[in-house]
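In: Turn this into a model:
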Amino acid sequence: MLLKDATIGQNCIVEKINLPFQMERRLEALGMTNNTSISVINRKGKGILIIRLRGTRFALGYNITKNIEVRPA
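Out: Below is the predicted model of the structure:
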């Protein structure tokens, strides 16, 4: 499943990130790596998510969330 399809309150595990190299490295620097647990806090419009990642809240746009594969935790 893609991160853009996750629902509010759902916990997910990151399986694969399919983004350009620099953007993928930036997310890794923020702590989003394979097998990392994330939880969806809120949704804003089409695919825009506010997530909790390692104790910090992040807002991710549709172009990012559609390229991150997750599985339910």
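In: Please compute how far the host helix or strand of S39 lies from its chain's middle.
Out: Counting by DSSP states H and E, the element that carries S39 is strand 37-44. What separates the centre of strand 37-44 from the centre of its chain is 8 Å, taken as CA atoms, centre = their mean, to the nearest Å.
In: What angle do strand 37-44 and the helix or strand following that strand make with each other?
Out: Next along the chain after strand 37-44, taking DSSP H and E as the criterion, comes strand 48-53. If you take axes from the mean of the first three to the mean of the last three CA atoms, to 10 degrees, strand 48-53 sits at 150 degrees to strand 37-44.
In: thinking again about what came up before, partner strands of the strand holding S39, with direction?
Out: Sheet pairing here is set by DSSP bridges, and for strand 37-44 it gives strand 11-17 (antiparallel), strand 48-53 (antiparallel).
In: L49: neighbour count?
Out: L49 has 23 neighbours, counted by other CB atoms under 10 Å. All C-beta spots, glycine's among them, are computed from the backbone N, C-alpha and C.
In: scratch that, M1
Out: Residues contacting M1 under the criterion other CB under 10 Å number 13.
In: wouldn't it be in contact with R71 here?
Out: Yes - in this structure, M1 is within contact of R71 by CB atoms under 8 Å, at 6.7 Å.
In: Identify the contacts common to these two.
Out: Counting by CB atoms under 8 Å, 6 or more residues apart in numbering, the shared contacts of M1 and R71 are C12.
In: contacting residues around K16?
Out: Counting by CB under 8 Å, 6+ apart, K16 has contacts 34, 68-69.
In: How much space separates it from R43?
Out: As judged by CB to CB, to the nearest Å, K16 and R43 stand 22 Å apart.
In: likewise N63?
Out: From N63 to R43 the distance is 15 Å (CB to CB).
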